Structure formats: structure tokens, C-alpha cells
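Peer 1: I would like to see how this sequence folds:
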Amino acid sequence: YDTTPAAKSYLESFSLNCEPFADSIDNRFFYCGTTLMQRLDLLSHLTQFGDSVVLVSGPAGSGKTTLLSRFVSQANSQWHMCLMNADEFDRFPERLADALKSEVAANEQELLSRWAAQTNNSQLLVIVIDSAEHLDETALQRLCALLGQSAASRIRVILFGSPEAMQRHKQAIEQKQLNCSTQLLEMPR
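Peer 2: A predicted model of the protein is given here:
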């Protein structure tokens with residue numbers, strides 16, 4: 001963004017306070033069309049009332065990241081949000097401990113067991129991972145292990161990624177035969 005006096009004067013001549021066509025997403029500006037609002041409502045509903053795993057898929061530019069940022073900004077106060085990008089999954093235990101406001105444990109299962117024992121059943125752990133096409137088999141197994149625990153009914157995993165990757169992840173999760181449901185939420189082009 002050009003902050004020179006000439007650039008500021010140019011923006012002011014159009015009654016603008018900032019550059020209108022920046023390359024990055026500015027969360028101050030949000031247009032929630034019907035389709036995006038429906039997806040946001042459905043994602044919130046699935047998180048609160050049921051599905052253990054929600055896979056949000058769509059081609060590049062379909063609004064997945066916008067949906068993710070709105071979802072996180074409107075999260076229920078009873079949700080502990082663990083938000084991360086798949087590229088940083090090696091830091092998952094630390095991120096999980098931060099989300100649960102706890103010290104890092106020997107493993108994720110121990111951390112979740114402590115959290116479940118210290119909180120009431122109205123609280124949910126919502127693990128949100130963007131760019132989930134970069135998750136490898138080991139990362140997916142670790143997430144599935146969490147869904148096999150006694151506190152699994154209070155855990156939601158939401159993965160955002162490409163349609164092809166989400167189909168692969170859906171099949172891999174269903175092959176684990178966990179006692180959880182998997183919902184695919186598609187973003188239109």
C-alpha cells in the first residue's frame with residue numbers, strides 16, 4: 001500500500017480511506033451473499049449440533065478462506081477454537097494446548113482427557129485446519145485418534161481444502177470406522 005502524500009491525496013479525491021483493490025483480504029469489508037450465508041449457517045449448525053468431521057471443499061477462489069474467517073469470528077463462546085494451517089501441523093500439540101488454555105502434555109490424548117475432566121459437556125473443542133490438502137496420512141491418523149476418545153462427542157474437526165483432497169480425506173476417515181459422522185460441505189464456483 002502506497003502511503004506517499006500523492007497516493008493519499010488520490011484516495012481522498014475519491015473519498016476513500018484505503019486502497020480499494022488490495023491483494024489481501026480486508027476483514028473490515030465483507031459481503032455475505034445468499035450462498036455464503038447459507039454455508040456459514042450450515043457450518044455453524046453442523047459444528048454445534050452434530051457432525052464430528054466437516055470437510056469444506058471448493059476450487060480456488062470459491063470463498064473457503066472467507067467462510068473460515070467469518071466462521072471463526074462468529075464462533076460460539078462455548079467453543080475452544082484450535083485454528084491452524086495444515087503446513088504447520090507439526091505444531092499441533094502446542095496449538096491444541098493454547099486453544100484449551102492448558103500446558104502442553106505428553107500427547108494430544110492426555111491433553112484432551114484433562115480438558116474433558118475439567119470442563120462441562122456444553123463446551124466443544126473445534127479444530128479448524130485450512131489448506132487441508134497438505135495433511136499427510138500421519139496427521140489424519142492423529143486427528144482420527146482424537147475422535148476415538150471418550151470425549152469425542154465434544155470434538156469437531158473442520159477441514160478446508162480442495163475437492164479432490166476432501167474426497168480422499170472423507171474416504172480415509174470413513175475407512176477408520178470411527179463412531180463419528182463425516183459431512184462434506186461444498187462451496188460453489
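Peer 1: which residues sit against the helix or strand hosting H45?
Peer 2: Using DSSP states H and E, H45 maps to helix 34-49. Contacts with helix 34-49, where a contact means Cβ atoms under 8 Å, 6 or more residues apart in numbering, come from 32, 54, 56, 63, 66-67, 70-71, 74, 76, 79, 124, 126, 156, 158, 183, 185, 187-188. In this view, the C-beta of every residue, glycine as well, is placed from N, C-alpha and C.
Peer 1: how far is it from where the chain is centred?
Peer 2: The chain centre lies 13 Å from the centre of helix 34-49; the measure is Cα atoms, centre = their mean, to the nearest Å.
Peer 1: Quick check: next helix or strand after that helix?
Peer 2: Helix 34-49 is succeeded, C-terminally, by strand 53-57 (DSSP H and E).
Peer 1: buried set for the helix or strand following that next one?
Peer 2: Toward the C-terminus, strand 53-57 is succeeded by helix 64-73 as the next helix or strand (DSSP H and E). Residues K64, T66, L67, L68, R70, F71 are the ones in helix 64-73 that count as buried (16 or more other Cβ atoms under 10 Å).
Peer 1: Just send these back as JSON lines, with distance to R168 and pLDDT too.
Peer 2: JSON lines is the format used below for those (distance: Cβ to Cβ, whole Å; pLDDT from 0 to 100):
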{"residue": "K64", "distance to R168": "17", "pLDDT": "91"}
{"residue": "T66", "distance to R168": "24", "pLDDT": "87"}
{"residue": "L67", "distance to R168": "21", "pLDDT": "91"}
{"residue": "L68", "distance to R168": "20", "pLDDT": "94"}
{"residue": "R70", "distance to R168": "26", "pLDDT": "90"}
{"residue": "F71", "distance to R168": "23", "pLDDT": "94"}
